[in-house]
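**Student:** just need the structure, nothing else, for what follows:
(one chain, ligands or ions: 1)
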Amino acid sequence: MRRPEASSPGHDNGEASVFSTIKELRHIDGWLTERELKLLLSYSSKVKKGKVILEIGSWKGRSTLCLLEGAKKNHAKVVAVDTFKGSAEHGDVDTYDEFIANINRHADYGNLEVIRDASENAAQKWNGEISLLFIDGSHKYEDVEKDFNSWEGKVEKGGYILFHDSFPQGWLDVQLFIIRRLFGNDDYNFIKAVDTISVFRKEPRRHRNELRFKFDSPLHEFLHNGIGLSGKEVRRKGRYPDEIFSPRNGWNWALAEYGNFRFPFISYRSRYIKFYIGWLPKGNFGFKSSLNLKGGY
Ligand SMILES: C[S@@+](CC[C@H](N)C(=O)[O-])C[C@H]1O[C@@H](n2cnc3c(N)ncnc32)[C@H](O)[C@@H]1O
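**Tutor:** Have a look, this model is predicted:
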């Protein structure tokens, strides 16, 4: 366990401002997209003073630096856990020196703890409470499971768990794990997904047994902002054209007519299930599906 050494040669502590824009992080080898970095920045900057952001899988420091940048806002702490030996797909590597060099080159952060160990071992020795857990280690099913099982008990109530390479685009093993363990789990609420990061909050489900899924994907935003009909002169035809669900349950449908274009909407509601997809009465595109095993829709 060690912290990165003090500044490397040529480093100027004033360079902390180099991260005034997260575009700079693209120069560090890694996989996180700009939208994912923004998401990490946003969640890490909400973590309160002295509280902990823990990352499993740091590689060469791209995500770690982003978390550190967010943590600066409220003086939160960052713990980076990695063997620095890469995952199966990386081959025979050792990224530790490069990680340390990148941290030193770009930051003068005193709030970083680096644990150079397998996540499972590290969890046995590390005692504390985590406000934000970022899981980006090995993406094999059994490893994701180990990471989750080893650390999730340390995540505080109301804390967040973010999985990289999960939804909407991601690794099948990570997705399968999340589907099996997180969806339908009363202790976790799905919050959002951006590119390949999905965000869960540890808290009792707002609506027990309800399965919610909203993709915050580029496609969603394109449909929302680009082809959304909100505020336009639209004629709606259909069964109950201005309602999302049929007041009598069962099917509802509508067609929004805008110029020569036709935009469909369809919904269904029964005692146990409800869903809709298409252009909503207010004009924007929407998709939602909910399952209530106790009945009562
Ligand atoms: C996809 S990379 C992480 C990328 C990093 N988050 C970034 O944004 O650049 C996965 C990392 O997980 C680490 N890793 C794999 N298995 C691990 C384990 N069991 N415990 C700790 N780290 C592990 C690898 O060494 C590798 O650096």
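**Student:** kindly report the residues of the stretch 1-150 of the chain close to the ligand.
**Tutor:** 30-32, 56-60, 62-63, 81-87, 95, 118-119, 136-138, 143 (Cβ under 6 Å from any ligand atom). From N, CA and C alone the C-beta is placed, and that goes for glycine too.
**Student:** filter the residues you listed down to the buried ones.
**Tutor:** Of the members of those, the ones counted as buried by neighbours, 16 or more other Cβ atoms under 10 Å, are 30, 32, 56-60, 62-63, 81-84, 86-87, 95, 118-119, 136-138, 143.
**Student:** show me those residues that map onto strands.
**Tutor:** Among these, the residues falling in strands (DSSP state E) are 56, 81-82.
**Student:** among those residues, which one sits closest to Asn189?
**Tutor:** Distance to Asn189, by Cβ to Cβ, is smallest for Ile56 among these, at 21.1 Å.
**Student:** hmm, back to that, turn the ones in strands among the buried ones among the residues of the stretch 1-150 of the chain next to the ligand into CSV, including pLDDT.
**Tutor:** Formatted as CSV, those follow (pLDDT from 0 to 100):
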residue, pLDDT
Ile56, 98
Val81, 98
Asp82, 98
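**Student:** can you list these in CSV and add distance to Val194?
**Tutor:** Shown next, in CSV, are those (distance: Cβ to Cβ, whole Å):
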residue, distance to Val194
Ile56, 19
Val81, 23
Asp82, 23
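**Student:** wait, Thr120 sits on Ser150?
**Tutor:** Not quite, residue 120 is Glu, not Thr. Yes - between Glu120 and Ser150 there is a contact under Cβ atoms under 8 Å: 5.0 Å.
**Student:** out of these two, which sits in the more crowded spot?
**Tutor:** Ser150 (19 against 16; other Cβ atoms under 10 Å).
**Student:** wait, the more buried one sits on Ala123?
**Tutor:** Yes - using Cβ under 8 Å, Ser150 is in contact with Ala123, at 3.6 Å.
**Student:** and Trp59, what does it touch?
**Tutor:** Trp59 makes contacts with 29-30, 82, 86, 95, 99, as judged by Cβ atoms under 8 Å, 6 or more residues apart in numbering.
**Student:** 7 Å - rerun?
**Tutor:** Contacts for Trp59 were tallied using Cβ atoms under 7 Å, 6 or more residues apart in numbering; they are 30, 95.
**Student:** please tell me how far it sits from Asn121.
**Tutor:** According to Cβ to Cβ, to the nearest Å, Trp59 and Asn121 sit 19 Å apart.
**Student:** same deal with Asp242?
**Tutor:** Distance of Asp242 to Asn121, given as Cβ to Cβ: 59 Å.
**Student:** for Asp147, same thing?
**Tutor:** 12 Å.
**Student:** on the C-terminal side of the helix or strand harbouring Asn149, identify the next helix or strand.
**Tutor:** Per DSSP states H and E, Asn149 falls inside helix 141-151. Next in sequence after helix 141-151, counting helices and strands by DSSP H and E, comes strand 155-163.
**Student:** show me where the stretch 101-250 of the chain has its strands.
**Tutor:** Using DSSP state E, counting those that start in this stretch, the strands of the stretch 101-250 of the chain run over 112-116, 130-135, 155-163, 188-194, 197-202, 235-238, 250-258.
**Student:** got any ranges where the stretch 101-250 of the chain has weak pLDDT?
**Tutor:** For the stretch 101-250 of the chain, the stretches flagged by pLDDT under 70 are 107-108, 204-232.
**Student:** go again with 50.
**Tutor:** Low-confidence segments of the stretch 101-250 of the chain (pLDDT under 50): 207-218, 220-222, 224-225.
**Student:** where does Glu89 land in three-state SS?
**Tutor:** Three-state assignment for Glu89 (DSSP: H, G, I helix; E, B strand; the rest coil): helix.
**Student:** nearest residue to it other than its sequence neighbours?
**Tutor:** His139 (7.9 Å; Cβ to Cβ, 6 or more residues apart in numbering).
**Student:** what count of nearby residues applies to that neighbour?
**Tutor:** Applying other Cβ under 10 Å, we find 23 residues neighbouring His139.
**Student:** cool, and Lys125?
**Tutor:** Lys125, neighbours per other Cβ under 10 Å, totals 9.
**Student:** just Trp251 next, same as before
**Tutor:** By the criterion of other Cβ under 10 Å, Trp251 has 12 neighbours.
**Student:** for the closest residue to it other than its chain neighbours, give me the pLDDT.
**Tutor:** Of all residues not flanking Trp251 in the chain, Tyr268 sits nearest, at 5.4 Å (Cβ to Cβ, 6+ apart). For Tyr268, the model assigns a pLDDT of 95.
**Student:** Provide the backbone phi and psi angles at Tyr268.
**Tutor:** Tyr268 adopts backbone torsions of phi -150, psi 140, taken as degrees, to the nearest 10.
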